[in-house]
Each structure stands twice: as C-alpha cells, then as structure tokens.
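In: Sharing a sequence plus its predicted fold:
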2 protein chains.
Amino acid sequence: MSYTYEYPRPALTVDCVVFGLDDEDLKVLLIRRGVEPFAGRWALPGGFVRMDESLDGAARRELEEEAGIRPGHLEQLYTFGAPGRDPRGRVVTVAYFALVKLSDHVLHAATDAREAAWFPVWRAPKLAFDHADVLAMALRRLKGKVRYQPIGFELLPPKFTLTQLQRLYEVILERELDKRNFRKKLLAMDLLEELDEVEQDVSHRAARLYRFDHRKYKQLEKTGFNFEL
Amino acid sequence: MSYTYEYPRPALTVDCVVFGLDDEDLKVLLIRRGVEPFAGRWALPGGFVRMDESLDGAARRELEEEAGIRPGHLEQLYTFGAPGRDPRGRVVTVAYFALVKLSDHVLHAATDAREAAWFPVWRAPKLAFDHADVLAMALRRLKGKVRYQPIGFELLPPKFTLTQLQRLYEVILERELDKRNFRKKLLAMDLLEELDEVEQDVSHRAARLYRFDHRKYKQLEKTGFNFEL
DNA sequence: CCAAAAGTGTTTCACTTACACCCATGA
DNA sequence: TCATGGGTGTAAGTGAAACACTTTTGG
C-alpha cells in the first residue's frame, strides 16, 4: 500500500498552551503573529513539525525558540484537524499543554524578534485560528488533572507556602477552599517536606516553606496511592 | 510564512482501538494486514486522512470501510508520532478509542477483502507498528474513564441486567465488586430505567432488565451531577 | 428438589465538611 | 498597638465497605 504515500498530506504543526501563575492570576503565554494570516493577532506558540523530531520534541523546540521556555510539565493535549481551521489550507495541529514556574521565566523580550507575553487566562485577547478552542480545552484539562495528579507544583517555585498552594488550587478550580481542611488533607498525604525556612519580606507573620517531595510521590504511586485534590 | 508549506510533511493516519464486550471477555477489533510492512500481522483498523475530512470523520470512515462498524462512542485518544514508528518513513497517527455493542457487530466477513476479528484484549496477538502501545493506552483510558463517565453502557445491549453491568465494570477494572454495594450505588444515581421485562432463556431466575437513561443523564450533568464508578 | 443466579439491609469506619479563635510579625 | 495573614481542632454528617441469607425459576 505504498501508493498511499502519494496522497496529498496535511501540514503538521504543534501548538502549546503554556500556563504560569503569579500573584494576580493564572497566565497563558501568547505570541503576537507577525505575518498573515492573522498578522498582529495573538496566538499560541507553535510551529511546524520537522521530519526527524518527535511531536514532544517539536513542542519543546518551539517553546525554546519562541520564548526561551523549558516547561516543568509538558503533555499532549489533543489534535485539532478540522479542514477549515487554517485559511491557508489543511493544517493539523497537535496541541500541547505545559506548566512553568513563572518566576523562572520572566520573558526576556522576544527571543526570535516576535513579541511574547503572559495574559490572564480569563481575559485573553482574541486569538488566531482555533486557538481559543485549544486554550479552552487546556483549561478544562488543567482543571481536571490538577485534582488527581500533583502537577500544580510545577506552577510554584520549589519552595512555597501552604497559602500559595491553596491559592493555586483556588485559582485553577475557580472556587474557594477551606484553609484548615486544605492543610489537613495535603499534610496528611505526607508529600510535602516541611522546611526550616519561612518566607521573606512580608509585613506580617512569615509562613513556613514546604517543598514537594517528588521522590516520595513516585514511591507511593507504585503502592497504589492516589493523589487527590 | 507560507514558505513553511514547502517543508516536507509527515504522512497522517488515524488508527482506532475498538472495544466490545461479550460473555467471555473484553474484546478489541483487529485487522490482518495484507501487505508490507508487517504483512500477515494483526493491526488496528485505520488509514490515511483525506484532505477534506475531519480527523473524527476519517476514523469513522475507516471503521465503516474496514469492518462495517459505526461505534456508539468515539473519542480521540492520543497522537503517536515517534520518527521511527513506521518503517516506510515518517507517519504520524491520530489514535481513536471506540466502544461498540458487540451484539450489533457480528463481523460479516471482511468488508474490504481484509480479515477482521475480535480478540480478547488481555490476549491480543503481536501487533504491527507501535499498535501495542496504542492499545495499552486505550485500555488505560477506558479503565480511567469508565469510572467517571457513563460510557460503559455503549458496550452493552440497550436492555441489560444489573449483573451484566457489574460484570462489565469488573472486566474493565480488573477487580471484583460487591454486588449489593454496586446495585445500591447505581440505582441511587437514578439513571437506570427499570423495565417491566426480564432476561429470556436462562435456566434460573430471570433478572430484571434496565435501560440507561441518556436524557436524564444530560439533565443531571448540567446541574453539576457527577457520575462516579 | 436441586442448581443457579437474583435480589435485598444493616453496621462500621473513614473521610469530608463546617466552623472561629489565638498567634506571630512588621509597620 | 494595630493590621495582616499564619496556624490550629472538633463535632456532625455523609458515603464507602464489609458482610449472608432468602427467593425465584428451570431442569
């Protein structure tokens, strides 16, 4: 059936939804397009998949090239291939979903002459192509996954306070959580290493810092343990 | 940036993992390959995506063409694109995951001159390409999803007994469930319509038949109800 | 009357939820 | 000393899990 190779082929791209978190908001990384179609519009970082690289590899390369970002968590999200999604012709895109520690990634002005910026996810500008759909799906995935996999930590600095962690969940899940119950539950999991340090430069009692214990999590995972909210 | 279109493009296919359930086993639909590579080997049904059809559309078309199947549930699973996965060259495949009522799909011998058959998922033959990985991922997805979405019903006939339903979950989740707790929980959800009929032709007390109430589920979904196990 | 599966309730235990006050710190 | 967030425990309610016998039917 090698004649099948003579079929015309769609173009193949990857696009990445990269989330970050700061004191104000959950943020998403966008790039301003320089060329048609959608010149001037904001869009997800992404680009064409090369013949010799994996899909994950393409996603990582594009993030590095377009924004100098190496995400702490990267996973495939969904593949979008509706025939009309790119006005230039048939382009199928494999969308990825990534989390970064914003503190590590202050954008040092547009790596490859493009404009890159973080936008609050709930107030993103109008996006190019079907990227609004991609973003929406990524948010749904984040909201779902954060509850049963400890990926949220990839949005925080290595050392964080329980209040920061709680705020992370509140922002992502879009609801308030009870402080005492939250702390009880998380500490009971025994996945947070309690440090002998406190946050600095606050004008009130300084909170204790914790670190997520990846090693312990991997152990527990094997024994059938399930992280849950 | 339309020069990018001159990049060489990977070929794009879809492959489908179709599950069915009978009295013995959870089954997966396989097609025997007629040509190289992997001639004679069993593989997932699938084929090339046409320029004018959606990815879902391609999956449905291939299932129809290769096995005469119209699945009750079809969803995108994952996109596999490791550079070496097809010996002929770069082929990226969008994998789908489908459920059918086996009773509706007794295979009427190979629609397009190919051999198609149902295999027990835990005893599938050696598969072509990376299809074993695809199957493994589909199983993981099924196992996960069946617990929080009522898709299992797509594997059963429209009218079924609670015992059949329980067996379905036991087979998929690979563990035994307590009969009383199972019935209590499911009936409490109020999603099963109790019919005035019983199963036929059994040599013991006949069990009552139930029907899944899709309509009611859609209602409840809106009100924030969550199906769970 | 025997075999086979259908059908049915209660208790225990664990976890979730709701809820309010004192403490430590820096300004 | 005041403002700000940090940190803590208990009681009530809800849901999960464990568990065994009687009923119905056909052979």
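Out: Received it, and whenever you're ready, just let me know what you need. Residues are numbered from 1 along each chain as shown, chains lettered A, B, ... in the order given.
In: ok, longest strand in chain A?
Out: strand A:11-21 (DSSP state E).
In: so that strand versus strand B:11-21, what angle?
Out: With axes from the mean of the first three to the mean of the last three Cα atoms, to 10 degrees applied, the angle from strand A:11-21 to strand B:11-21 works out at 70 degrees.
In: where does chain A dip in pLDDT?
Out: Residue ranges of chain A with pLDDT under 70: A:1-5, A:107-113.
In: need the helices for it, in chain order.
Out: A:55-67, A:131-145, A:162-173, A:179-189, A:214-222 (DSSP state H).
In: The ones you listed: which one's closest to A:Ala98?
Out: Closest to A:Ala98 of the helices of chain A, according to Cβ to Cβ: helix A:55-67, at 6.9 Å. No exception for glycine: its C-beta is placed from N, CA and C like everyone else's.
In: Could you list every helix and strand in contact with the closest one?
Out: strand A:11-21, strand A:26-32, strand A:46-48, strand A:73-80, strand A:91-99 (3 or more Cβ pairs under 8 Å, 6 or more residues apart in numbering or on different chains; DSSP states H and E).
In: Tell me what angle the last one forms with strand A:73-80.
Out: Angle between the axes of strand A:91-99 and strand A:73-80 is 150 degrees (criterion: the same axes, to 10 degrees).
In: Work out the sheet partners of strand A:91-99 and label each with its direction, please.
Out: Looking at strand A:91-99 with DSSP bridges, its partner strands are strand A:11-21 (parallel), strand A:73-80 (antiparallel).
In: Pick the most deeply packed of the ones you listed.
Out: Among the strands paired with strand A:91-99, strand A:11-21 has the highest mean neighbour count (mean count of other Cβ atoms under 10 Å in any protein chain shown), at a mean of 25.
In: Please compute how far it lies from its chain's middle.
Out: 8 Å (Cα atoms, centre = their mean, to the nearest Å).
In: Tell me, how many residues neighbour A:Ser99?
Out: For residue A:99 the amino acid is Leu, not Ser. 23 (other Cβ atoms under 10 Å in any protein chain shown).
In: Mind listing the residues bridging to it?
Out: Bridge pairing for A:Leu99 - DSSP bridges - gives A:Phe19, A:His73.
In: what about it, distance to DNA strand C?
Out: Distance, A:Leu99 to DNA strand C, by Cβ to the nearest atom of the strand, to the nearest Å: 24 Å.
In: Contact partners for that residue?
Out: Each residue near A:Leu99 by Cβ atoms under 8 Å, 6 or more residues apart in numbering or on different chains is listed here: A:Val18, A:Phe19, A:Gly20, A:Pro71, A:Gly72, A:His73, A:Leu142, A:Ile151, A:Gly152, A:Glu154, A:Leu155.
In: Out of the strands paired with strand A:91-99, which is closest to A:Val171?
Out: Using Cβ to Cβ, these put strand A:11-21 closest to A:Val171, at 6.9 Å.
In: Next, the angle strand A:26-32 makes with the closest one.
Out: 140 degrees.
In: what is the orientation angle of strand A:11-21 with helix A:162-173?
Out: Using the same axes, to 10 degrees: strand A:11-21 against helix A:162-173 is 140 degrees.
In: What count of nearby residues applies to A:Glu154?
Out: A:Glu154: 18 neighbours (other Cβ under 10 Å).
In: give the contact list for it.
Out: A:Pro71, A:Gly72, A:His73, A:Leu99, A:Val100, A:Lys101.
In: Let's see that with 6 Å instead.
Out: Residues near A:Glu154 by Cβ atoms under 6 Å, 6 or more residues apart in numbering or on different chains: A:Gly72, A:His73, A:Leu99.
In: next one: A:Glu199
Out: A:Glu199 neighbours (Cβ under 6 Å, 6+ apart): A:Thr161, A:Ala206, A:Ala207.
In: near DNA strand D, from those residues?
Out: A:Thr161, A:Ala206, A:Ala207 (Cβ under 7 Å from any atom of the strand).
In: By neighbours, which of the residues you listed wins?
Out: That'd be A:Thr161 among the ones next to DNA strand D among the contacts of A:Glu199, by other Cβ under 10 Å, with 17 neighbours.
In: I'd like the distance between the closest residue to that one other than its chain neighbours and A:Phe80.
Out: Once flanking residues are discounted, A:Thr161 sits nearest to A:Ala207: 3.9 Å by Cβ to Cβ, 6 or more residues apart in numbering or on different chains. Taking Cβ to Cβ, to the nearest Å as the measure, A:Ala207 falls 42 Å from A:Phe80.
In: quick one on the thing from earlier: and which of the contacts of A:Glu199 is nearest to B:Gly34?
Out: For the contacts of A:Glu199, the nearest to B:Gly34 is A:Thr161 (62.3 Å; Cβ to Cβ).
In: For A:Val106, grab the count of nearby residues.
Out: By other Cβ under 10 Å, 9 other residues sit near A:Val106.
In: no wait, A:Phe129
Out: Residues near A:Phe129, counting by other Cβ under 10 Å: 22.
In: Start and end of stretch A:206-222, how far apart?
Out: 36 Å (Cα to Cα, to the nearest Å).
In: Please list the residues outside it that contact it.
Out: So stretch A:206-222 is contacted by A:Phe153, A:Lys159, A:Thr161, A:Thr163, A:Leu191, A:Leu192, A:Glu193, A:Glu194, A:Leu195, A:Glu197, A:Val198, A:Glu199 (Cβ under 6 Å, 6+ apart).
In: residues from chain A in reach of chain B?
Out: Residues of chain A lying close to chain B by Cβ under 6 Å from any Cβ of the partner chain are A:1, A:4, A:7-12, A:35, A:48, A:51-52, A:54-55, A:79, A:81-83, A:90, A:94.
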